[in-house]
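Student: predicted coordinates and the sequence they were generated for:
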Amino acid sequence: MELLIKNGFVFDPTNGVKGEKMDIAVSDGKIVEKVNERKAKKIDASGMIVMPGGVDIHCHIAGSEVNTGRLLRPEDHFKDFERKTSTTRSGVGYSIPSTFTTGYRYARMGYTTIMNPSMPPLEAKHTHEELSDTPMVDKASYPLLGDWWFVLEYLKDGKIEECARYIAWIMSSTKGYAIKIVNPGGLEAWGFGHNVSSIDDQVPCFCITPREIIRGLCKVNKLLNLPHTIHVHTNNLGKPGNYQTALETMKCVEDLYDGNKPAIHITHCQFSAFKGDDWASLQSGAEEIANYVNTHSHVTLDMGQVIFTDTTTMTADGPFQYTLYELSGNKWVNHDVETETSAGIVPFRYRRKRYVHAVQWSIGLELALLIKDPWKIFMTTDHPNGGPFTSYPKIIAWFMSKKAREAALKRINPRARSRSLLPTIDRELNFYDIAVVTRAGQAKALGLINKGHLGVGADADIAIYNVNPEKTDPSRKYKLVRRAFKRAAYTVKDGKIVVKDGEVLKHVEGATMWLDVQSLEPAKITDDVKRRFREYWTVEYENYPVTEDYLEVSNPIPIKACV
Amino acid sequence: MVTYQKLKVTLLTGRTIEQGVGKEKGKTSQEYVDSVTVCFIDPEDLRKLGIKEKTNVQVSTEHGSVVVKALKSIRGPHSGIIYIPYGPWANVIVNPETHSIGMPSLKGIPAEIEPAPNKPLLSLRALLNQQFGKD
Amino acid sequence: MPVVKAVTCPVCGSLCDDIELTIQEGKVVKVKNGCAMCESKFLGYNGEHRILKPLIRKNGEFVKTSVKEAVKRAAEILAEANYPVLYGWSSTNCEATRVGIELAEEVGGVIDNTSVICHGPSILSVQDVGIPSCTLGQIRHRADLVIYWGSDPWSAHPRHIERYTAFSQGRFENSAWRGYLTKIKASQVRKKIESAVRRVFLKEAPSIPPLIRREPPPSIFREGRKLVIIDVRRTRSAQMADYFIQVEPNRDYELLQAFRALIRDEELEVDQVAGVPVEYLEEVADVMIRCNFGVLFFGVGLTMSSGKLRNIDAALSLIRDLNMRTKFVIMPMRGHFNVTGANTVSTWQTGYPYAVDFSLGYPRYNPGETSVVDVLLRKESDAALVIASDPVANFPRKAVEHLVKNPLIVIDPHMNATAQMADVVFPSAFVGIEACGTAYRMDHVPLPLKKVVEPPRGVLTDEEILRRILSEVKKMRKKRQVEVAA
């Protein structure tokens, strides 16, 4: 099928297109030079913005912890439901919507590619079953590898190459996309209820430090030529004073930068940018982090913006979630996964009048605005940890309008307001910048060649928003912008119009992308390894990998490794 | 006509390994039927009832009444408690009350037990027919 | 003879995946590593109780029919119903449940799984309190205190203790198996001596001392793995334990709350709780606090007796509180092999784990109202589909009375009490033997089920039967819409 999107203002940062009025031609699900204008279906996008489909580098939408969150919180679902229609399935959920609803809601906002950032390898089948039931978007998942016993043991012995071969195996076996590291070493310690408190602490029973884990996996990542960097949730997350840990984490791989591709991605950085000795003296560490990032090229970040709402926090960081339970007294789920990782869930309400929450809100925006290069910091809420992904249009409005920020500032805790850096920041992002932080930059950091841009050959995933950049001043008319990004005028997925005026027209299945890492000398699964397997896990080696039939639509990406 | 002693007891229902094995073999298999038409009774209570093992007993609750075979419990002492494995026979007498949470009350039900050596154990078909008029 | 290794056993929630099957001429002839239930299933599943042809009830009698006819009849029943219930799901694979939920949504019915009558209250409590838990391997590697409460793993999950808990060998904790053997031997020697003494002096059996009085043995204070069983009866599992606490029926709640008070260092003003002397409880509470990694497994002994979900509330709160002092986790002993999977699929597709009502076009959840036993007790349903379950054998009589009045569709490999009452019966392939798929272990670890032999000719999988019914229902409803429009 051919499609022609006519007369839109196109923002395609990857190809340097900055709002020029032009046509976008689509054929067979790809962007092409041109199509037969008489035969092609046409979309009149005049007066509208045309962008690549949105890319989300970090949002928890599938897998055991997300689903346990759903199970834990019927109260989250009762008021937020969607009826079955002739084209769509029904569903429920505000901060943790059911799978079909998740897909529809992303599509309505013009998003087409989603990265699910935490997958315990042992439970990877679950993640993929859910992703297969998440329509409308292409997706991928990051296996949690920072506390995998094989990793700890090989890195302790300095066997980087051997470690790399096993990571190659696990990446293909779990149908994963990137190396996810969460509170390295801390999760293993949590197995007995402990934690680590700096990147140089010893991990109990394993004679290794978080620093060695991060550096080791960063080297492994390079050896394997993985498209994304290591994706790191830092130690000490959510603790006052932890901006130091975030800085040390970034610094510890500085020398591994090859001058070309970044070496590390610090995720939901807001939660790792706390200055102060305790909650009472909490302050923003955004300036320090921004200064560092502005002078270094080996790091990318995403925000983890906080939204004032009732949400559900869930991370693989078991000890952090326990702290959150102690702080809030809310119901608490813990789920440790043998030999690999842990997880925790606590419902949480961010209140604008609470000092700490208001500071957190400010930190996220400060980071995004103080870091000068939009290709280094991306828009996320760490859904659902900072707030649900449906809040993205709000953040876009705060990015584009100082007035919008001031309106929000007026209503927050006064002490937090007086300490916030936001009043001193005049920067307002334009539509081009928005296209970077919401799709182009994210796709680039992920190494997704066919996503996040509209060049010839790219996947025809396109979002059209009904806002006229020539006539609308987003700084003043931020509410109009917010509305436009909330309900895309059109969302095109693989060349098909799937959303019109914010309504889903068609239920389509997205593909699951995964890395088929081909190492020169693949990991040997000897009898000894199988024996170790049987000792470490309570499942047989044969039953551990995710076979391709778990993926509704499989999109393997072949990667040539250097080991 | 012999009159038998009646005994007030607490009824528990649950799993046994024999019931588990039987159900995997088939719900109409003799193993299964044999494993769920029994009632484990404390030796002390058997003495009070004045019966030996493998005598038929009638167990009644306010929800129904059913004949099963008495067996001596080796899980004792638990005088005053009887145990019947899950199955169609137990269901005749358990408490359907869900207390508004969806779950009937299957354990700890007040019951009365009396020897019934002359009453037969019903087959599954006969039981269903007796209870629901359909087989 | 071909041997298939690493087969997942489709019987209980332990989902042992190390079964080795020997296949000869399309039949399983030998089972290695399995428990008694596992062997019974793999060797005996294909017995005389198997249904091989779809059945339709005509004038009160079953008549054999074709799959096509049966699908048509089943679809008619569901499409014509206002408020059908679709029940079962715990002994089939997740793939079938996925289709089942779509079918329930399409016909606007209630879909409920067997957890409603086993661990439904546990789920309700988790929704109140949360749950600190983990996968079973974590327990194998780390647990030095293993407690089973209201659960008899030896009977219901025979390999649980050996594979995952007290008798398994972990990285940081050793198996307690050897200690158990020594204990057994010692007790056999003691029994021999006792019987000799009896023969010589007493000539009668000494009565066993009431267990309630038994105080904690010194062994539960030692280092290393300890097994504690808390139950109303001295179950087979209790005989293996380092310590058995016998609780009076329906008084678990009191005992749990007593433990909560004790681990908070509060004093109890009574001498005994639920029949157990307080000084013993104090000692056990100490053992709980002092362990490095403790685990409490609870069974339907807690969910089904008086208090139901409040018992679980108390248990979950106890374990949550213990985390202030040490590492402690808790896990329900799920019964059917894929009941966890049924909850899991239902949750990701509808937001709710069971008792989901689609009558308003979106998922609604209110156990006590939308749960199947309540729907039946209120006599509201007007059709029913039962799959991989036997509610006539498992529901209270009053609920069954209404169920069998409904036009009833049953999908099951075996003839059972429910199938005998049905109007349409579909024979299906045995999941995990004749059909592959996915199941979730009690700790939410997904495992692949294998197809090791072919199903009998013409017998379809649950998933396929449901797909055909769904597609037929859609066709009928579309046709009806057209008719109404015309």
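Tutor: Great, that's in hand. Numbering: from 1, shown residues only, chains lettered A, B, ... in the order given.
Student: okay, CA-based contacts and neighbour counts for the rest of this
Tutor: Noted.
Student: lowest average confidence, helix or strand, in chain B?
Tutor: Across the helices and strands of chain B, mean confidence by mean pLDDT, DSSP states H and E is lowest for helix B:17-25: a mean of 78.
Student: what is that one packed up against?
Tutor: For helix B:17-25, the packing partners by 3 or more C-alpha pairs under 8 Å, 6 or more residues apart in numbering or on different chains; DSSP states H and E come out as helix B:30-36, helix C:36-44, helix C:153-156.
Student: need the strands for the stretch 1-150 of chain A, in chain order.
Tutor: A:2-12, A:17-27, A:30-32, A:41-44, A:49-52, A:54-56, A:81-82, A:91-92, A:111-119, A:138-143 (DSSP state E, counting those that start in this stretch).
Student: quick check: domain ranges of the chain?
Tutor: Let's take chain A. Following automatic domain parsing, chain A resolves into domains at A:2-52+A:452-504, A:143-446, A:512-560.
Student: could you do chain C instead?
Tutor: C:49-117+C:337-485, C:120-332.
Student: what sits against C:Val52?
Tutor: Slight slip there: residue C:52 is Leu, not Val. With contacts defined as C-alpha atoms under 8 Å, 6 or more residues apart in numbering or on different chains, C:Leu52 is in contact with C:427, C:456, C:458-459.
Student: where are the low-confidence patches of the stretch 101-250 of chain C?
Tutor: C:201-213 (pLDDT under 70).
Student: contacts for stretch A:324-341?
Tutor: By C-alpha under 8 Å, 6+ apart, stretch A:324-341 touches A:65, A:120-122, A:144-149, A:187-188, A:191, A:316, A:318, A:321-322, A:342-348, A:536-537, C:127-138.
Student: tell me which residue of the stretch 351-500 of chain A lies closest to chain C.
Tutor: A:Pro384 (15.2 Å; C-alpha to the nearest C-alpha).
Student: re earlier: and the helices and strands packed on helix B:17-25: which comes nearest A:Arg427?
Tutor: A:Arg427 sits nearest to helix C:153-156 of all those, at 63.9 Å, using C-alpha to C-alpha.
Student: other residues contacting the helix or strand that that closest one is followed by?
Tutor: Next in sequence after helix C:153-156, counting helices and strands by DSSP states H and E, comes helix C:160-163. With contact meaning C-alpha under 8 Å, 6+ apart, helix C:160-163 is reached by A:538, C:14, C:140, C:153-154, C:167-168.
Student: now do stretch A:532-548
Tutor: Counting by C-alpha under 8 Å, 6+ apart, A:122, A:124-125, A:170, A:173-175, A:338-339, A:530, A:554, C:6, C:16-18, C:136-137, C:163-164, C:169-171, C:447-448 sit against stretch A:532-548.
Student: quick one: mean pLDDT for it?
Tutor: Throughout stretch A:532-548, pLDDT has a mean value of 93.
Student: now swap in stretch A:26-36 and tell me
Tutor: Stretch A:26-36 comes out at a mean pLDDT of 95.
Student: buried set for it?
Tutor: A:26-27, A:29-32, A:35 (16 or more other C-alpha atoms under 10 Å in any protein chain shown).
Student: end-to-end on it?
Tutor: 10 Å (C-alpha to C-alpha, to the nearest Å).
Student: contacts for that stretch?
Tutor: So stretch A:26-36 is contacted by A:1-4, A:24-25, A:454-460, A:493-496 (C-alpha under 8 Å, 6+ apart).
Student: which of the residues you listed are buried? Put it as a PyMOL command.
Tutor: A single PyMOL command is used to select the members of the contacts of stretch A:26-36 judged buried by 16+ other C-alpha under 10 Å:
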select buried, chain A and resi 2+3+4+24+25+454+455+456+457+458+459+460+493+494+495+496
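Student: for the helix ranked longest in chain C, name the packing helices and strands.
Tutor: Assignment by DSSP state H gives helix C:462-485 as the longest helix of chain C. If contacts are counted by 3+ C-alpha pairs under 8 Å, 6+ apart, helix C:462-485 sits against helix C:67-80, helix C:94-107.
Student: and that helix, how far out from the chain middle?
Tutor: Relative to its parent chain, helix C:462-485 has a centroid offset of 33 Å by C-alpha atoms, centre = their mean, to the nearest Å.
Student: and for stretch A:8-20?
Tutor: Stretch A:8-20 sits 24 Å away from the centroid of its parent chain (C-alpha atoms, centre = their mean).
Student: and it, how far apart are its ends?
Tutor: Terminal-residue distance, stretch A:8-20 (C-alpha to C-alpha): 8 Å.
Student: can you pull the buried residues of it?
Tutor: If you call a residue buried by 16+ other C-alpha under 10 Å, then stretch A:8-20 has these buried ones: A:8-14, A:17-19.
Student: ok so, going back, and among the helices and strands packed on helix C:462-485, the most buried is which?
Tutor: helix C:94-107 (a mean of 22; mean count of other C-alpha atoms under 10 Å in any protein chain shown).
Student: direction included, what does the next helix or strand after it pair against?
Tutor: Downstream of helix C:94-107, the next assigned helix or strand under DSSP H and E is strand C:110-113. Strand C:110-113 pairs in its sheet with strand C:84-88 (parallel), strand C:356-357 (antiparallel), by DSSP bridges.
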